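Asker: just coords:
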């Protein structure tokens with residue numbers, strides 16, 4: 001398995017505080033990875049470090065090939081036309097694919113002669129995404145690309161992105177604090193909490209390795225002694241456990257699969273828990 005990105009012991013100190021601490025993760029090539037976490041978790045800092053906009057204070061970053069970046073505020077010159085924006089991108093990027101950029105925007109129905117400032121929020125997001133994709137990167141890092149977009153525009157941007165990365169076989173790392181935006185499109189999960197990677201892995205494997213148990217509170221000790229409990233919620237005489245590990249066969253317990261949002265929120269509420277493979281396992 002080829003890795004598109006690997007960080008080892010990554011730390012970034014901003015002024016007197018550590019924005020990232022001992023972040024180690026590996027993402028296989030060709031994956032669409034969701035980077036999730038609460039505001040202030042360090043998602044933007046991690047993306048900036050990966051694409052070279054911030055220098056690590058400690059640790060290492062390895063990116064296979066070229067990386068492109070789309071910032072949260074989608075920095076575009078509102079006084080430029082779309083065509084002028086593409087021309088600017090061509091001058092700054094030696095590997096620029098002009099025909100691809102023009103063709104993509106024409107397929108989306110975005111006029112090349114229109115000022116960027118007169119485009120809708122969704123159209124501006126598509127122009128910014130086109131600028132990033134026209135660099136033909138091996139890895140594209142997107143920082144909250146759906147922020148400030150209405151639901152239809154969010155859907156359109158994600159659908160178009162998935163089509164493009166499938167055709168180009170680009171690895172994507174996309175950050176968001178809204179899990180629902182990423183649930184149907186991403187196949188790898190990275191949870192960042194308090195500046196540290198808390199969860200990383202294939203989403204299907206993570207979901208298959210966790211379950212939600214419901215049963216009598218007095219029997220919870222028998223479960224917690226045999227399996228890893230990520231979250232415990234007690235309601236009177238009943239208890240709900242989100243656990244990782246082997247299935248529980250005690251008939252007093254009912255089990256159901258865990259959703260991606262349940263999994264993410266349970267870990268975020270319990271930062272002492274983690275689900276992290278050894279890097280060697282990812283790259284094997």
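Answerer: Nice, I can see it. Everything quoted here is computed from the prediction, not taken from an experiment.
Asker: Am I right that residue 174 is in a helix?
Answerer: No. Counting by DSSP: H, G, I helix; E, B strand; the rest coil, residue 174 falls outside a helix, being strand.
Asker: burial of the closest residue to it other than its chain neighbours, as a residue count?
Answerer: What sits nearest to residue 174 in space, not counting adjacent residues and going by CB to CB, 6 or more residues apart in numbering, is residue 142, at 4.4 Å. The C-beta positions use only the backbone N, C-alpha and C, and glycine is treated the same way. Close neighbours of residue 142, defined as other CB atoms under 10 Å, add up to 24.
Asker: Verify the stated contact: residue 142 with residue 173.
Answerer: Yes. The pair residue 142 / residue 173 is scored as a contact, 7.2 Å apart, by CB atoms under 8 Å.
Asker: partners of the helix or strand hosting residue 255, with directions?
Answerer: Using DSSP states H and E, residue 255 sits in strand 254-257. Here strand 254-257 is paired, per DSSP bridges, with strand 210-216 (antiparallel).
Asker: could you point out the longest helix in this protein?
Answerer: What stands out as the longest helix in the chain, according to DSSP state H, is helix 151-168.
Asker: What helices and strands are in contact with it?
Answerer: helix 121-133, strand 171-176 (3 or more CB pairs under 8 Å, 6 or more residues apart in numbering; DSSP states H and E).
Asker: quick one, it and strand 171-176 angle?
Answerer: Inter-element angle recorded for helix 151-168 and strand 171-176: 160 degrees (by axes from the mean of the first three to the mean of the last three CA atoms, to 10 degrees).
Asker: for the record, mean pLDDT for helix 151-168?
Answerer: Mean pLDDT, helix 151-168: 82.
Asker: List of residues touching it?
Answerer: With contact meaning CB atoms under 8 Å, 6 or more residues apart in numbering, helix 151-168 is reached by 32, 104, 108, 120-122, 125-126, 129, 133, 136, 140, 142, 145-146, 149, 170-172, 174, 181, 185.
Asker: what's the offset of that helix from the middle of its chain?
Answerer: 15 Å (CA atoms, centre = their mean, to the nearest Å).
Asker: For the closest residue to residue 75 other than its chain neighbours, list the residues it contacts.
Answerer: With CB to CB, 6+ apart as the criterion, residue 75 has its nearest non-adjacent residue at 7.6 Å, and that residue is residue 128. Counting by CB under 8 Å, 6+ apart, residue 128 touches 70, 74-76, 145.
Asker: repeat for residue 127
Answerer: Contacts for residue 127 (CB under 8 Å, 6+ apart) come out as 76, 82, 85, 105, 110, 116, 119.
Asker: Most neighbours among those, which one is it?
Answerer: The most crowded member of those, judged by other CB under 10 Å, is residue 82 (25 neighbours).
Asker: so that one touches residue 109, yeah?
Answerer: No. Counting by CB under 8 Å, residue 82 stays clear of residue 109, with 11.5 Å between them.
Asker: what about the residue nearest to residue 276 when sequence neighbours are not counted, how many neighbours?
Answerer: Leaving aside its sequence neighbours, residue 276 sits nearest to residue 200 (CB to CB, 6+ apart; 5.6 Å). Residues near residue 200, counting by other CB under 10 Å, number 24.
Asker: Show me what residue 200 is bridged to.
Answerer: Counting by DSSP bridges, the residues bridging with residue 200 are residue 190.
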